[in-house]
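Peer 1: pasting the structure only:
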Ligand SMILES: Cc1ncc(COP(=O)(O)O)c(C=O)c1O
Ligand SMILES: Nc1c(O)cccc1C(=O)C[C@H](N)C(=O)O
């Protein structure tokens, strides 16, 4: 493997100083930032600041201190907006991914007449399907008849053409992932939104695997709503508070699940039994924000503002391209298949490496200080995230993998998954 390439790329990498901001363990090649991002010093600092404010101010921390808690969700929504190409008031940091999906579907799925179906796809993350089915049940509609699932032709990707041809008259709402969690396929959000709207269908996206990895233009594309977690590429920490986006054209739509933190902030403490919603995406909040699980995001988002999504995406594409090239040149005799799309505009931030022995190859990688994750039945996900991964890290990952394969190190492990990854 030629050293010239990675030394040259690392040498001219304008983002390389960010790696020092992160707790990257010495000798460990962390390729799992698409599942749980690493802690940054900045995130640690803002978490400590919020704890200090609690210590110092008690109840007054809601309005005083370094990061007053009462407006923190709105403030962070504004800081997150550039990552998805939204207006500041269209984004709020709140809830969890699955909770936010429930909120948005309960708001925007309004079956009427013959328009009673939700369209999703068969490769989406299971939690989304569970949520959609339970939302149908709540409206006394059976998922077997009312949840349409676009089929994959190859078990990896979902073709946009197939999604569009499933946008029938009966569909009221579409919920799709931006990037598929296993194959890393990036869907054409702009095109799908335009096609849905031509047919009078509302459309929303799960951005879990694209936020912080891929730039978006949600407002310009007129996407109706979106939701995501902040613990993957955004490094908000395990169980970090999530986010949602609602296009301004829907600000007058009453939230399906109302709660007092969705109130107009001036009125909230009037304690009236009449709900007066905020006139922003803040209306879709419910209860008191989980401040301690939000605090690391304050620091983390500062890093994203400094790095910029354009530069992050450029480096991410270079890293995944380099990884795929090395896989092709170095690992061709070991039975791997690259399961993600090759085109830049069709892939997210991770490489999907398929192998019949994937579960135990992952165990061998971990033993060799490479952290991937495994997704059944046969996928090794490798995410060289641009904030803390160098080109040399990508190179070294493939060197370690090649050694594992040449020496058949994986054979000493059973080929079954661990509990989580
Ligand atoms: C695409 C996608 N959607 C939804 C979820 C569920 O998120 P949460 O557990 O935060 O609700 C995840 C990850 O867990 C995910 O990857
Ligand atoms: N949300 C997770 C969790 O609570 C524990 C372990 C992993 C996760 C994940 O986020 C997994 C991730 N959504 C995936 O793409 O597989």
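Peer 2: Received, thanks. Here the structure is a predicted model, which means the values were calculated and not measured. Ligands and ions are numbered 1, 2, ... in the order given.
Peer 1: would you quantify the distance from residue 41 to ligand 1?
Peer 2: For residue 41, the distance to ligand 1 under the criterion C-beta to the nearest ligand atom, to the nearest Å works out to 24 Å. For every residue, glycine as well, the C-beta is placed using N, CA and C.
Peer 1: do residue 166 as well
Peer 2: Taking C-beta to the nearest ligand atom as the criterion, residue 166 is separated from ligand 1 by 20 Å.
Peer 1: which residues sit in contact with the residue lying closest to residue 66 once chain neighbours are set aside?
Peer 2: Beyond its immediate neighbours in the sequence, the residue positioned closest to residue 66 (C-beta to C-beta, 6 or more residues apart in numbering) is residue 49, lying 4.6 Å away. Applying C-beta atoms under 8 Å, 6 or more residues apart in numbering to residue 49 gives the contacts 66-67, 295, 298.
Peer 1: nearest to residue 95, of those?
Peer 2: For the contacts of residue 49, the closest approach to residue 95 (C-beta to C-beta) belongs to residue 295, at 15.9 Å.
Peer 1: quick one: is the strand or helix carrying that closest one near ligand 2?
Peer 2: Using DSSP states H and E, the secondary-structure element containing residue 295 is helix 291-307. No - using C-beta under 6 Å from any ligand atom, helix 291-307 stays clear of ligand 2, with a minimum separation of 12.4 Å.
Peer 1: next SSE after that helix?
Peer 2: Moving toward the C-terminus from helix 291-307, the first helix or strand encountered (DSSP H and E) is helix 309-330.
Peer 1: and the helix holding residue 295, what other elements does it pack with?
Peer 2: Helix 291-307 makes packing contacts with helix 41-57, helix 72-84 when contacts are defined by 3 or more C-beta pairs under 8 Å, 6 or more residues apart in numbering; DSSP states H and E.
Peer 1: now do that helix: distance to the chain's middle.
Peer 2: Remark: helix 291-307 is offset 15 Å from the chain centroid, using C-alpha atoms, centre = their mean, to the nearest Å.
Peer 1: what is the mean pLDDT for it?
Peer 2: The predicted model gives helix 291-307 an average pLDDT of 98.
Peer 1: tilt between it and helix 72-84?
Peer 2: Here helix 291-307 points in a direction 30 degrees away from that of helix 72-84 (axes from the mean of the first three to the mean of the last three C-alpha atoms, to 10 degrees).
Peer 1: and helix 291-307, anywhere near ligand 1?
Peer 2: No - when contact is scored as C-beta under 6 Å from any ligand atom, no part of helix 291-307 falls within range of ligand 1; the minimum is 11.2 Å.
Peer 1: touching ligand 2 at all, stretch 385-396?
Peer 2: No - applying C-beta under 6 Å from any ligand atom, one finds stretch 385-396 separated from ligand 2 by no less than 13.8 Å.
Peer 1: quick one, what contacts the residue lying closest to residue 93 once chain neighbours are set aside?
Peer 2: The shortest distance from residue 93 to any residue other than its chain neighbours is 4.2 Å, reached at residue 76 (C-beta to C-beta, 6+ apart). Residue 76 makes contact with 93, 294, 297-298, 301, according to C-beta under 8 Å, 6+ apart.
Peer 1: where's residue 76 relative to residue 91, distance?
Peer 2: From residue 76 across to residue 91, the span is 8 Å (C-beta to C-beta, to the nearest Å).
Peer 1: repeat that for residue 245.
Peer 2: For residue 245, the distance to residue 91 (C-beta to C-beta) stands at 5 Å.
Peer 1: quick check: neighbours shared by those two?
Peer 2: Among the neighbours of residue 245, those also in contact with residue 91 (C-beta under 8 Å, 6+ apart) are 84, 281.
Peer 1: so which of the contacts of residue 49 wins on neighbours?
Peer 2: Top of the contacts of residue 49 by neighbour number is residue 295, holding 30 neighbours under the definition other C-beta atoms under 10 Å.
Peer 1: grab the nearest non-local neighbour of it.
Peer 2: Once its chain neighbours are removed from consideration, residue 295 has its nearest residue in residue 50; the separation is 3.8 Å (C-beta to C-beta, 6+ apart).
Peer 1: what sits against that neighbour?
Peer 2: Shown in contact with residue 50 (C-beta under 8 Å, 6+ apart): 65-67, 69, 291-292, 295, 298.
Peer 1: between these, which is closest to residue 146?
Peer 2: For residue 146, the closest of the contacts of residue 50 turns out to be residue 291, at 38.1 Å, with distances computed as C-beta to C-beta.
Peer 1: so the residue nearest to residue 280 when sequence neighbours are not counted: helix, strand or coil?
Peer 2: With C-beta to C-beta, 6+ apart as the criterion, residue 280 has its nearest non-adjacent residue at 3.9 Å, and that residue is residue 89. When classified by DSSP: H, G, I helix; E, B strand; the rest coil, residue 89 comes out as helix.
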